[in-house]
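A.B. asks: Fold the following.
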Amino acid sequence: MSDTVYLAYDYPVLGAFWTAMWVFLWVLWIFLLFRVVADLFRDDSMNGWLKAAWLVFVLVLPFLGVFIYVCVRGSGMGRREAHHMKSQQKEVDEYIRKTAGTEGGGSSADELAKLAQMRSTGHLSEEEFQRAKEKILS
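C.D. replies: Residues are numbered from 1 along each chain as shown. Okay, the predicted model is just below:
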């Protein structure tokens, strides 16, 4: 049986730094690869065959494929991401409006009745009621 005890002294600080850097770069690479693949499928301006060709290129030669993709189509990635986020926010807003029941289906009279009830229970002051009433009627 060996009496050797391995401590952290066997692994230098610079080695730990390099290991942490390589792990960070590997995770960054994985995120970039997934972003490129997601951008490929998100782009509506390309047809299916062109998407398949880019996907094969990115999967067969990943480093070169991602590098060329970012150089050639990288400027549009931000625009496509922003457009995707706006459409998602629009869908969420529509869902919230539909769920909350404020889709515009209520009439002005219904809203005025709700305001009058809130004023009578004391949730609204007279001036808040008047401002809200003017907003509804305008």
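
A.B. asks: residues contacting the one residue sitting closest to the centre of the chain?
C.D. replies: By C-alpha atoms, centre = their mean, the chain has its centre lying nearest to Met85, at 5.9 Å. Applying C-beta atoms under 8 Å, 6 or more residues apart in numbering, we find Met85 in contact with no residue. Where you see a C-beta, it was placed from the backbone N, CA and C, and this is true even at glycine.

A.B. asks: in what helix or strand does it lie?
C.D. replies: helix 62-100 (DSSP states H and E).

A.B. asks: Pull out the buried residues from that helix.
C.D. replies: Under the neighbour-count criterion of 16 or more other C-beta atoms under 10 Å, helix 62-100 has 65-66, 69, 73, 77, 80 buried.

A.B. asks: which SS state does Ala20 fall under?
C.D. replies: Classification of Ala20 by DSSP: H, G, I helix; E, B strand; the rest coil places it in helix.

A.B. asks: and if you look at Asp3?
C.D. replies: Using three-state DSSP, the structure places Asp3 in coil.

A.B. asks: Give me the pLDDT value at it.
C.D. replies: The model reports Asp3 with a pLDDT of 72.

A.B. asks: Looking at per-residue confidence, what score does the residue nearest to the centre of the chain get?
C.D. replies: Predicted confidence (pLDDT) for Met85: 92.

A.B. asks: what does Tyr6 give?
C.D. replies: 63.

A.B. asks: Check Val70 too.
C.D. replies: 90.

A.B. asks: need the contact list for it.
C.D. replies: Val70 neighbours (C-beta under 8 Å, 6+ apart): 32, 36, 77.

A.B. asks: For Phe34, see how far away Leu112 is.
C.D. replies: Look at Leu112 and Phe34: by C-beta to C-beta, to the nearest Å, they are 52 Å apart.

A.B. asks: Looking at the two, which is more packed in?
C.D. replies: Shown here are Leu112 and Phe34; by other C-beta atoms under 10 Å, Leu112 has more neighbours (15 against 10).
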